[in-house]
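A.B. asks: Sequence isn't available, so here's the structure alone:
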């Protein structure tokens with residue numbers, strides 16, 4: 001096993017000695033041990049979160065999703081992101097009433113989780129050995145409950161999965177109804193959590209149909225009605241408009257559909273091998289259960305198969321610290337299975353070995369990331385610190401407010417830009433724009449709240465339409481992009497409308513300020529040449545000082561469609577060559593090129609952006625050719641149109 005070979009071999013005899021000592025303690029203090037484990041699990045499951053203003057890309061979307069509801073912006077009608085309309089309740093900031101509402105919701109969620117775990121520990125009738133192993137695995141799942149400023153939605157998911165397991169093992173319609181209600185809540189917080197919840201529910205119903213035949217019909221009917229009623233009912237409360245709800249669903253579907261090709265990131269193969277090995281631990285665990293209880297083992301196979309696939313795709317499509325999602329969800333799955341496994345006699349030794357082996361893999365792939373405060377999240381100290389801070393509410397509000405005053409000087413908007421904008425509305429084309437809020441500007445958000453996430457033609461078109469019809473007086477841009485993308489070709493429909501409607505007002509040391517024109521630069525574009533190019537291949541642009549736009553239609557191959565559905569699309573790139581001999585490469589998203597790209601002028605610096613947006617301005621060097629590189633996921637030829645502006 002690749003990941004094990006790179007790590008020192010664990011001392012299983014030492015672990016066994018520790019176990020025997022713990023068993024002796026448990027034999028003497030069984031009830032106390034049960035309460036200790038419950039208290040530990042309850043702290044791991046504490047959903048209390050609140051965050052100050054920050055400067056990173058992820059802190060920016062977190063801020064935007066707090067800023068929107070506090071300023072009357074509605075999900076679906078005004079904004080779209082991967083999080084749902086109630087997401088701000090799980091990462092509240094002190095903006096409007098968000099902090100109070102968020103803490104109240106989190107307190108209610110914690111009470112509900114406390115009841116679910118109490119049902120497991122004190123009514124489930126599980127031996128202490130099972131509860132101990134359950135607690136250890138749940139602790140290893142801890143980083144999932146804190147991941148990337150999110151996490152409470154994963155706690156809700158864990159609660160729903162646990163309720164279904166309890167219903168499977170011990171019955172009670174109340175457990176099943178509670179699980180269905182929570183699954184209905186999940187899409188309003190995080191789309192991925194909702195998908196995992198529905199996948200688990202589907203697997204559960206398949207198993208019930210196998211074991212209960214036609215008697216499963218009432219459970220299927222409830223599964224069809226309850227989550228849908230909860231989701232639709234709450235949507236009607238927070239998105240009181242049918243077109244807005246449909247727009248939210250369409251935008252969410254596009255975000256999911258485009259993620260595999262637009263946000264994919266490749267990492268070391270050893271991480272994928274390690275994921276396979278860790279999944280094998282779960283498979284062996286379930287295999288041991290199959291020996292004594294094949295019915296229960298079948299339930300876990302069907303129940304966890306779908307969620308594991310979604311979790312793997314979520315974790316490894318963007319293979320950086322996102323892999324934490326998969327390894328920690330595996331820990332959660334192992335926790336659920338550990339409740340049903342027979343741990344008496346000689347059966348315990350292989351289970352202890354598997355737990356130690358999984359911990360080694362978990363440490364290799366989760367513990368090594370600096371983004372994860374493993375010690376505080378696994379021990380519950382991070383949750384205790386959050387609780388202590390929330391208990392002193394007045395101090396908490398002051399501390400969160402102080403993060404605005406303490407906003408780093410080097411990240412603030414330049415004073416000269418601030419002086420020009422004044423009280424006028426302003427939006428940001430940058431991936432990070434909390435500096436505008438820290439500068440007390442009148443910030444406006446476009447529909448897909450971070451431009452880099454508008455990675456499909458539909459999403460890019462939403463932002464483009466907003467720029468055209470509702471664009472504020474000023475726009476700010478820092479010239480940067482994520483994932484080595486070309487900033488100009490990243491969202492071409494949006495940039496087309498920005499180019500039509502805005503001109504340079506001031507070039508600062510860190511940002512470019514654009515001001516809305518009274519009239520657009522041109523009224524429309526007309527096609528003057530159509531042809532096909534090979535992929536990979538070269539697009540040659542005509543020599544012209546006037547603006548030349550191009551579009552490109554590149555379809556997915558069957559292989560590409562399967563990769564997009566099941567895993568991720570290999571990255572595509574373009575190499576831009578200028579008349580002065582300068583060349584540069586950038587990652588691209590071919591799917592968005594159905595919108596026109598200003599092709600013979602592709603600015604590569606903030607200064608060149610400033611020149612391009614001046615009246616009659618154009619960078620000194622023009623682009624004469626673009627070499628495209630794409631793998632077998634795309635068709636061998638692509639349709640290209642060349643266009644020019646018409647006044």
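C.D. replies: Noted; the coordinates are in hand. The structure presented is a predicted model; accordingly, all values stated were derived computationally and were not measured.
A.B. asks: what about residue 69, how many neighbours?
C.D. replies: A count of nearby residues for residue 69, using other Cβ atoms under 10 Å, gives 23. (Glycine included, C-beta is placed from N, CA and C.)
A.B. asks: and for stretch 583-591, what are the contacting residues?
C.D. replies: Residues external to stretch 583-591 that are found in contact with it (Cβ atoms under 8 Å, 6 or more residues apart in numbering): 258, 261-262, 455-457, 483-486, 489-490, 552, 554, 571-577, 604, 628, 630, 634, 638.
A.B. asks: Stretch 154-161 too?
C.D. replies: Contact with stretch 154-161 is made by 45, 47, 109, 112-113, 116, 138, 141, 144-145, 147, 179, 182-183, 185-186, 189, 193, 196-197, 200, 303, 307, 332, 336, as judged by Cβ under 8 Å, 6+ apart.
A.B. asks: Would you mind measuring from the most centrally placed residue in the chain to residue 59?
C.D. replies: The residue lying closest to the centre of the chain (Cα atoms, centre = their mean) is residue 82, at 6.5 Å. Distance of residue 82 to residue 59, given as Cβ to Cβ, to the nearest Å: 15 Å.
A.B. asks: now do residue 239
C.D. replies: 25 Å.
A.B. asks: more crowded one of the two?
C.D. replies: Higher neighbour count among residue 239 and residue 59: residue 239, with 21 against 18, using other Cβ under 10 Å.
A.B. asks: which residues touch that one?
C.D. replies: Contacts for residue 239 (Cβ under 8 Å, 6+ apart) come out as 74, 75, 76, 77, 85, 245, 248.
A.B. asks: Likewise for residue 119?
C.D. replies: Here residue 119 is in contact with 166, 175 (criterion: Cβ under 8 Å, 6+ apart).
A.B. asks: likewise residue 450?
C.D. replies: Contacts for residue 450 (Cβ under 8 Å, 6+ apart) come out as 57, 60, 61, 64, 81, 431.
A.B. asks: quick one, what contacts the third one?
C.D. replies: When you say that, I think you mean residue 61. 81, 83, 449, 450, 453.
A.B. asks: ok, of the residues you listed, which one's closest to residue 296?
C.D. replies: Relative to residue 296, the closest of these is residue 83; by Cβ to Cβ it sits at 35.2 Å.
A.B. asks: Distance of residue 572 relative to residue 264?
C.D. replies: Going from residue 572 to residue 264 by Cβ to Cβ gives 10 Å.
A.B. asks: And for residue 329?
C.D. replies: In this structure, residue 329 and residue 264 are 19 Å apart, going by Cβ to Cβ.
A.B. asks: How about residue 588?
C.D. replies: 13 Å.
A.B. asks: These two: which is more packed in?
C.D. replies: With neighbours defined as other Cβ under 10 Å, residue 588 and residue 264 compare such that residue 588 has more, 23 against 20.
A.B. asks: Now the phi/psi pair for that one, please.
C.D. replies: The phi and psi values for residue 588, taken as degrees, to the nearest 10, are phi -130, psi 160.
A.B. asks: what are the bridge partners for it, then?
C.D. replies: Going by DSSP bridges, residue 588 is paired in beta bridges with residue 572.
A.B. asks: What pLDDT is listed against it?
C.D. replies: Among the per-residue scores, residue 588 shows a pLDDT of 92.
A.B. asks: Residue 616 now?
C.D. replies: Residue 616 carries a pLDDT value of 75.
A.B. asks: Over to the one 10 residues further on?
C.D. replies: The pLDDT attached to residue 626 in the predicted structure is 94.
A.B. asks: got it, and residue 302?
C.D. replies: 96.
A.B. asks: One more: residue 563?
C.D. replies: According to the prediction, residue 563 has pLDDT 89.
A.B. asks: Any chance you could list what contacts the helix or strand encompassing it?
C.D. replies: Secondary-structure assignment from DSSP states H and E places residue 563 in helix 558-566. The contact list for helix 558-566 (Cβ under 8 Å, 6+ apart) reads 257, 260, 261, 313, 556, 569, 570, 632, 633, 634.
A.B. asks: Domain-wise, how is this protein divided?
C.D. replies: Listed by automatic domain parsing, the domain ranges of the chain are 25-387, 409-516.
A.B. asks: Turn those domains into JSON lines, columns for distance to residue 540.
C.D. replies: What follows is the domains of the chain, written out as JSON lines (distance: least, Cβ to Cβ, whole Å):
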{"stretch": "domain 25-387", "distance to residue 540": "26"}
{"stretch": "domain 409-516", "distance to residue 540": "17"}
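A.B. asks: Out of these, the one nearest residue 608 is which?
C.D. replies: Nearest to residue 608 among these is domain 409-516 (8.9 Å), distances taken as Cβ to Cβ.
A.B. asks: What is the end-to-end distance of that closest one?
C.D. replies: 28 Å (Cα to Cα, to the nearest Å).
A.B. asks: which one of the contacts of residue 239 is nearest residue 122?
C.D. replies: residue 85 (35.6 Å).
A.B. asks: can you count the residues close to that closest one?
C.D. replies: The tally of other residues near residue 85 (other Cβ under 10 Å) stands at 25.
A.B. asks: Look up which residues are beta-bridged to the residue nearest to it when sequence neighbours are not counted.
C.D. replies: Using Cβ to Cβ, 6 or more residues apart in numbering and skipping residues adjacent in sequence, the residue nearest residue 85 is residue 75, 3.8 Å away. Beta-bridge pairing for residue 75 (DSSP bridges): residue 79.
A.B. asks: ok, residue 75 to residue 437 distance?
C.D. replies: Distance of residue 75 to residue 437, given as Cβ to Cβ: 19 Å.
A.B. asks: When those two are compared, which one has more neighbours?
C.D. replies: Counted by other Cβ under 10 Å, residue 75 and residue 437 do not tie: residue 75 has more neighbours, with 27 against 21.
A.B. asks: Pull up the distance across stretch 453-460, start to finish.
C.D. replies: Stretch 453-460 has an end-to-end distance of 9 Å (criterion: Cα to Cα).
A.B. asks: now swap in stretch 632-642 and tell me
C.D. replies: 25 Å.
A.B. asks: What mean pLDDT does it get?
C.D. replies: pLDDT averaged over stretch 632-642 gives 93.
A.B. asks: show me what contacts residue 453?
C.D. replies: Residue 453 makes contact with 61, 81, 82, 255, 459, according to Cβ under 8 Å, 6+ apart.
A.B. asks: What are the buried residues along the helix holding residue 563?
C.D. replies: Within helix 558-566, the residues that count as buried by 16 or more other Cβ atoms under 10 Å are 560, 563, 564.
A.B. asks: sec struct for residue 218, please.
C.D. replies: helix (DSSP: H, G, I helix; E, B strand; the rest coil).
A.B. asks: And for residue 301?
C.D. replies: Three-state assignment for residue 301 (three-state DSSP): helix.
A.B. asks: which ones are touching it?
C.D. replies: By Cβ under 8 Å, 6+ apart, residue 301 lies in contact with residue 286.
A.B. asks: now swap in residue 243 and tell me
C.D. replies: By Cβ under 8 Å, 6+ apart, the contact set of residue 243 is 76, 77.
A.B. asks: can you check residue 255 too?
C.D. replies: Neighbouring residues of residue 255 by Cβ under 8 Å, 6+ apart: 80, 81, 82, 191, 453, 456, 459.
A.B. asks: ok, the second one touching residue 449?
C.D. replies: Yes: proximity of residue 81 to residue 449 meets the contact threshold set by Cβ atoms under 8 Å, at 5.5 Å.
A.B. asks: Identify the contacts common to the two.
C.D. replies: Common neighbours of residue 81 and residue 449 (criterion: Cβ under 8 Å, 6+ apart): 61, 64, 65.
A.B. asks: Tell me the one of those nearest residue 352?
C.D. replies: Closest to residue 352, out of all of those and judged by Cβ to Cβ, is residue 61, at 42.1 Å.
A.B. asks: roughly how far apart are that closest one and residue 453?
C.D. replies: Distance of residue 61 to residue 453, computed by Cβ to Cβ: 8 Å.
A.B. asks: Please apply the same query to residue 347.
C.D. replies: Per Cβ to Cβ, residue 347 is found 49 Å from residue 453.
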